[in-house]
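A.B. asks: Predicted model follows, preceded by the sequence.
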Amino acid sequence: MIHNRIKRSLLLAALACCMSAPLAATELVVWHAYRGAEKEAFQAVVDQFSKQSDGITVKTLAVPYDAYADKITAAVPRGKGPDVFIFAQDRLGGWIEAGNTVEPIDFYVDDEMRARFLDRTLDALTYRDIVYGLPLNFKCIALIYNKKMIDAPPKTSSELVALAKKHTNAAAGQYGLAYSYSDFFFHAALMNGFGGGVFAPGPKPTLNRAENVKSIELILKWYKQDGIVPAEPSTALITSLFNKGKAAMIFNGPWFLGEIDSSIDYALAPLPTLDEAGGTPMKPWMTIEGVYVSAPSKNKDEAFDLVNYLTSLEAGKVMALQGRQLPANKAVYAIDEVKKDPVMQAFVAQSKVAVPMPNLAEMSMFWSPATTAMNTIIRGTATPKAALDKAQVQVEKAVAKLRKQ
C-alpha cells in the first residue's frame, strides 16, 4: 500500500486536515530505461499508483540506456532531473560522492520494510551504512542449456568440463560451453567462487590477489587445454552458436532470454560448484536496480511514496508476470504463477549465492584496466599475474587521483 507518511510533520498533517479546499495535485517525474514488455509493465504499475494515491500523478520518461547514466550525472545535481530514477547500484557510490544526486532514505526504512527484500539486495543500495534506495529488480547470470543436447545440467566444474567436451567439435564450430569469459562481469562468477574480489572491504583495490589469478588460470585451462569454449566470445557469436544448436551450454542472464530462437528448447540451472576451489559454488555478480529519490526533488515525501509502492508485492506481481522482470521483493516468488515459472525460480536460486557488484565510487576506475588485462591474458601476450599486476597499479593510481580531488 502507499506509504502512510506518518513520519511527516504533525503540523503539516493537521493543516491538511483542516483545509476546506482540496490540495493541489503533485506531479512526480520518474526516469527509467525500460523498453518493450518491461516498459509496459512499469507503466501499468505507475498508473496503479496514481489511481490509489491522494492527489499524486506520475509522468514517466524512458531514457535510452547508453545515455542514461551520463544524463543522471549531468542533470540531477542541477535540479534538471526527475523526482525518482531507477538504475543499477554500480554507479551509486560515485553519485553520492559527487553530491546532490541521491537522497538518503534511512528516515523512511524500518525493520518491516527491510525484511521485504531478497537477501543482500538492500545492502547493494547502502553506502557507508546509509540506505539510499530500495531494490526494485535484480539480474545475475545462470547456466542456460539446450535440452536436446543436455539431459541433466552439470553440478560441478568437473562434470561441466566432461559434458562440454562431449559436445565440442571446434573444427565444426561447435562448443560445449560459450560465454563472455573475457568480460570481467561474466568472469566474476569464477573470481568470487575462488574467494577473490576487486576491492577489499572498503575501497582498497585488490585486483591482483592470488585468488583472482587462480580463477583466470582456470578459464585459460577451459580455453586452451580443454578446448571447450570458443576464442573471442562476442555477444553476437554466443547468440549465434546457441540459436544454431552449436553451443550446448552458456552462462548468461535474463536479458539474453529474449534473444533465444523459438526453435531452441532450453532450460536453466544454477552455475556449477568449483572442484578447483574446494567445492564452493560459482558466485556471479548480481546487479540490483535501485529506485532512488533525487536529492533536488521538491516532493521528497511523495517521491518516497512512489518508491515504496514500486517495490511492493502488488507492483512486483505485475512486473514479474507482465514484464518478465525479477523483483527484489521476495514475497513475489510465493505467488502461484511465479512458483510454477522455472525461469524465475532458477534465477532466484542463483541469486542465493550471487554477490552484489560493488557500489563504490572507485568501481569506475576498475573497468578499463580490468578489461585490458583480460584481453591481453586471453590473447596470450601476458600471464594472468603480470596482467593483473599492471592493472592493479593503474587502478591504484586512478583511485589515489580520485581521492585527491
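C.D. replies: Thanks, I have the structure now. Numbering: from 1, shown residues only.
A.B. asks: partners of the longest strand along the chain in the sheet?
C.D. replies: In the chain, ranked by residue count with DSSP state E as the criterion, the top strand is strand 285-293. If you go by DSSP bridges, strand 285-293 pairs up with strand 84-88 (antiparallel), strand 134-139 (antiparallel), strand 355-356 (parallel).
A.B. asks: Can you say which of the ones you listed is nearest to residue 158?
C.D. replies: strand 355-356 (23.0 Å; Cβ to Cβ). No exception for glycine: its C-beta is placed from N, CA and C like everyone else's.
A.B. asks: just for the stretch 201-350 of the chain, where's the confidence low?
C.D. replies: Scanning the stretch 201-350 of the chain for pLDDT under 70 picks out no residues.
A.B. asks: which residues in the stretch 101-250 of the chain form helices?
C.D. replies: Using DSSP state H, counting those that start in this stretch, the helices of the stretch 101-250 of the chain run over 111-114, 157-166, 184-193, 210-220, 235-243.
A.B. asks: Please identify which of those helices is closest to residue 348.
C.D. replies: Among the helices of the stretch 101-250 of the chain, helix 184-193 sits nearest to residue 348 (Cβ to Cβ), with 16.6 Å.
A.B. asks: residues making contact with that closest one?
C.D. replies: Helix 184-193 has contacts (Cβ atoms under 8 Å, 6 or more residues apart in numbering) with 141, 179-181, 197-198, 211-212, 215-216, 218-219, 251, 271, 273-274, 277, 280-285, 355, 357, 367, 370-371, 374.
A.B. asks: Give me the mean pLDDT for it.
C.D. replies: For helix 184-193, mean pLDDT is 98.
A.B. asks: Of the contacts of helix 184-193, grab the buried ones for PyMOL.
C.D. replies: Listed next is the PyMOL selection for buried residues among the contacts of helix 184-193, using 16 or more other Cβ atoms under 10 Å:
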select buried, resi 141+179+180+181+197+198+211+212+215+216+218+219+251+271+273+274+277+281+282+283+284+285+355+357+370+374
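A.B. asks: Which residue lies closest in space to residue 27, excluding its sequence neighbours?
C.D. replies: Sequence neighbours aside, residue 57 is the residue nearest to residue 27 in space, at 5.0 Å (criterion: Cβ to Cβ, 6 or more residues apart in numbering).
A.B. asks: Assign the one you found to helix, strand or coil.
C.D. replies: Here residue 57 is recorded as strand under DSSP: H, G, I helix; E, B strand; the rest coil.
A.B. asks: wait, what's in contact with it?
C.D. replies: Taking Cβ under 8 Å, 6+ apart, one finds 25, 26, 27, 28, 50 in contact with residue 57.
A.B. asks: Now which of those residues would you call buried?
C.D. replies: 26, 28, 50.
A.B. asks: got the residues you listed as JSON lines, with pLDDT columns?
C.D. replies: Rendered in JSON lines, the data for the buried ones among the contacts of residue 57 read as follows (pLDDT from 0 to 100):
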{"residue": "26", "pLDDT": "94"}
{"residue": "28", "pLDDT": "98"}
{"residue": "50", "pLDDT": "95"}
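A.B. asks: could you point out the longest helix in the protein?
C.D. replies: Taking DSSP state H as the criterion, the chain has its longest helix at helix 384-404.
A.B. asks: Would you mark the buried spots in it?
C.D. replies: 384, 387, 388, 389, 390, 391, 392, 394, 395, 396, 398, 399.
A.B. asks: From residue 84, how far off is residue 30?
C.D. replies: For residue 30, the distance to residue 84 equals 4 Å [Cβ to Cβ, to the nearest Å].
A.B. asks: Now do the contacts for the residue nearest the centre of the chain.
C.D. replies: The centroid of the chain falls nearest to residue 287 when counting by Cα atoms, centre = their mean (1.6 Å). Contact analysis of residue 287 by Cβ under 8 Å, 6+ apart lists 88, 89, 90, 138, 139, 140, 356, 357.
A.B. asks: Was I right to think the first one contacts residue 285?
C.D. replies: Put plainly, it is residue 88. No. Residue 88 is beyond contact range of residue 285, at 10.5 Å (criterion: Cβ atoms under 8 Å).
A.B. asks: so what sits against both of these two?
C.D. replies: residue 357.
A.B. asks: quick one: contacts for residue 374?
C.D. replies: When contacts are counted by Cβ under 8 Å, 6+ apart, residue 374 is found next to 182, 183, 184, 187, 216, 387.
A.B. asks: run the last query once more with 7 Å
C.D. replies: 182, 184, 187 (Cβ atoms under 7 Å, 6 or more residues apart in numbering).
A.B. asks: in stretch 206-226, what counts as buried?
C.D. replies: 206-209, 211-220, 222-223, 226.
A.B. asks: domains in this protein, as residue ranges please.
C.D. replies: 24-139+286-356, 142-283+362-404 (automatic domain parsing).
A.B. asks: Output stretch 181-188 as CSV, restricted to C-alpha atoms.
C.D. replies: Extracted C-alpha coordinates of stretch 181-188, given in CSV (Å, rounded to 0.1, in the frame of the first residue of the first chain):
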residue,chain,number,x,y,z
TYR,A,181,34.7,-15.1,-20.3
SER,A,182,37.0,-12.2,-21.3
ASP,A,183,34.3,-9.8,-19.9
PHE,A,184,35.1,-9.3,-16.2
PHE,A,185,31.4,-9.1,-15.3
PHE,A,186,30.9,-12.7,-16.5
HIS,A,187,34.3,-13.8,-15.2
ALA,A,188,33.3,-12.6,-11.7
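A.B. asks: and which of the contacts of residue 287 is nearest to residue 349?
C.D. replies: residue 140 (10.5 Å).
A.B. asks: my guess is the closest one meets residue 354, correct?
C.D. replies: Yes. With contacts counted by Cβ atoms under 7 Å, residue 140 reaches residue 354, the gap being 4.4 Å.
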